[in-house]
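Trainee: Build me a model:
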Amino acid sequence: MEPSTASGSSSAVARAPGADRQNGQLYEHLSVLRHLDPFHPWSGEEADLLVMHLQGGPGSLTAQLSVPRLRAWRRMGREVWLLSMRLTQDGSMPDEIHSWPRSLVFKINDKEVFKVDPPTLQKKRRDLPLEVSAMLRPAEDNIIDLSWLFPRRDRFLLVFALTLRLTPENLFDKVQSRPQEMLLAQSSRVRALLAEDSKQNNDEVSCSSRRRLSLVCPISHMRIEVPARGKACRHVQCFDLSAYLISNQKMSVLAKRWQCAVCNCTVKPSDLVVDRFNVEVLKSAPCDVDVVTLDEHGRWSVEKEFKDVEPCKSKLQRCLSARAIMENDSHADLELCPSPSRVRRRRSVGVAKRKMDFVNGAWGLDGQSDPSASKPAEKVVDLSD
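Mentor: Next up is the predicted model:
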């Protein structure tokens, strides 16, 4: 790659192996940008193809970017992205990791492909990275032209980075293949959290040694399939791993991604763990049970309203049961695993029907149903005429 040319008080630097390590602050900021988006991690140690420093005030910059292997990169699922970060005066990390200058015009090969307008008072600007693979030419050097306007006290770092495109399924497999804690260790963690909760709420809750554990994901509102949480999370409740990854991919604002659905702590894919304790609870609990109760020893039990509900059968057992019902009674109700709300509704309907039957005289003095009372009165025909 040929050295880039710059005008004004700005500079564009083509990366050389180990060049970013010579400047500790620059290397630290590049490391943060490298892990900015887990769905687009940087591909390799030399993924920063072009690094540009922008000084405050009005300015312009011209640089060259050579990508001869661009077609091969795209076939392998790799993309070239443009990222930007504001550099603070004291060298600390800014509040928003990715942000564009106040005003910026970006051209590739004399064609304007991106423009950043100053933010307005009524609407907050969303500064998202830009994917530029389709705008680059692999056969020749690409001319990069930048012009900007922002306060002189500010500085910005712009990077052309080679990234690898990942899907929620890819991250799901990574988390699943990661070595997990043993069940005994996670059970000890649950008992410690329950003991801590019991000690804190001893004066406020009458039954502080027990806790309700929901088996429904707070994100998808469906039963959890693979329970996950953050390594540093201090709660027993989990969320569904697949729902968590998919919801974060659909969230366009990078600053709002990767927040735990239970405690709002930052939980990136590298911080995710599959909770073996919740896995065992989900395996053993009936599939129509949404909540279980934990005691201070980490033992769980089904709440009273679910105890008389038949546990769900396996897929083969459900098919055999459905075939048997259809053979015996073609008009039978095939609801083999009713939801708890329907079970409660059936009970309330049954109680209401009994009350109506009692008011109408359909119940005898011994509390049992009187068949004669429910029969309609026989029609009397006058045959005297």
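
Trainee: quick one, strands of the stretch 201-350 of the chain?
Mentor: Taking DSSP state E, counting those that start in this stretch, the strands of the stretch 201-350 of the chain run over residues 211-214, 227-230, 239-240, 272-274, 291-294, 300-302.

Trainee: mind giving me CSV with the ones you listed and columns for mean neighbour count and distance to residue 69?
Mentor: Placement of C-beta: from N, CA and C, glycine included. Listed next are the strands of the stretch 201-350 of the chain as CSV, based on neighbours: other CB atoms under 10 Å; distance: least, CB to CB, whole Å:
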stretch, mean neighbour count, distance to residue 69
strand 211-214, 17, 50
strand 227-230, 24, 37
strand 239-240, 24, 39
strand 272-274, 21, 33
strand 291-294, 18, 54
strand 300-302, 16, 55
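
Trainee: What is the burial count for the residue lying closest to residue 125 once chain neighbours are set aside?
Mentor: Leaving aside its chain neighbours, residue 125 sits nearest to residue 119 (4.2 Å; criterion: CB to CB, 6 or more residues apart in numbering). Using other CB atoms under 10 Å, residue 119 has 14 other residues around it.

Trainee: shift numbering so it begins at 303
Mentor: Yep, numbering from 303; the last one is residue 421 now.

Trainee: if I read this right, residue 421 contacts residue 428, doesn't it?
Mentor: No - judged on CB atoms under 8 Å, residue 421 makes no contact with residue 428 at a distance of 9.9 Å.

Trainee: Export the strands of the stretch 503-652 of the chain to TSV and append columns for distance to residue 523.
Mentor: Formatted as TSV, the entries for these read as follows, by distance: least, CB to CB, whole Å:
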stretch	distance to residue 523
strand 513-516	10
strand 529-532	15
strand 541-542	10
strand 574-576	20
strand 593-596	14
strand 602-604	20
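
Trainee: out of those, which comes closest to residue 443?
Mentor: When the strands of the stretch 503-652 of the chain are ranked by proximity to residue 443, the top entry is strand 574-576, at 41.7 Å, counting by CB to CB.

Trainee: Summarise which helices and strands that closest one is packed against.
Mentor: Other helices and strands packing on strand 574-576, by 3 or more CB pairs under 8 Å, 6 or more residues apart in numbering; DSSP states H and E, are helix 470-479, strand 529-532, helix 543-552.

Trainee: how about residue 604, what does it touch?
Mentor: Listed by CB atoms under 8 Å, 6 or more residues apart in numbering, the contact set of residue 604 reads 587-588, 591, 594-595.

Trainee: Pick out the most distant pair among these.
Mentor: Within the contacts of residue 604 (distances taken as CB to CB), the two that end up farthest apart are 588 and 595, at 14.0 Å.

Trainee: Distance check, residue 410 against residue 433.
Mentor: Using CB to CB, to the nearest Å, we find residue 410 at a distance of 13 Å from residue 433.
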